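[1] fold the following and give me the result.
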Amino acid sequence: AEAAGYCDEIVTASARAKGLVGQILLFSRQRTATAEVVRMRDAVDEALGLLRSAIPATIAIDARYDAPEAAVSADPTELHQILMNLCTNAAQAM
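    Numbers count the residues shown, from 1 in each chain. Reported below is the predicted structural model:
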């Protein structure tokens, strides 16, 4: 069961790496952004999962969802990068 959890994390990290490569290609104009419906709670949970290990332990993260089923039409990789940047900047400001 523990190995399955690790495998899930590897798959998630691999998908995120693929997305980051796509973002680099988008930035260099070799790819166009593709919007799809993204559930915000899933995007926030994923970003917070990565951020917990990247920010100081003295900063607590308290995720609250007023609209847990809210969704947006966006490029998932770009949305993830926006969330990561916002949270990283907030942590640095503290």
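
[2] now do the SS call for residue 37.
    At residue 37 the chain is in strand, as set by DSSP: H, G, I helix; E, B strand; the rest coil.

[3] could you say what helices and strands the lengthiest helix in the chain packs with?
    When the chain is parsed with DSSP state H, its longest helix is helix 2-27. Other helices and strands packing on helix 2-27, by 3 or more CB pairs under 8 Å, 6 or more residues apart in numbering; DSSP states H and E, are helix 40-51, helix 76-93. For glycine as for every other residue, the C-beta is placed from the backbone atoms N, C-alpha and C.

[4] can you add mean pLDDT, mean neighbour count and distance to residue 62 and give those helices back as a markdown table?
    Listed next are the helices and strands packed on helix 2-27 as a markdown table, based on pLDDT from 0 to 100; neighbours: other CB atoms under 10 Å; distance: least, CB to CB, whole Å:
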| stretch | mean pLDDT | mean neighbour count | distance to residue 62 |
| --- | --- | --- | --- |
| helix 40-51 | 89 | 16 | 10 |
| helix 76-93 | 87 | 15 | 12 |
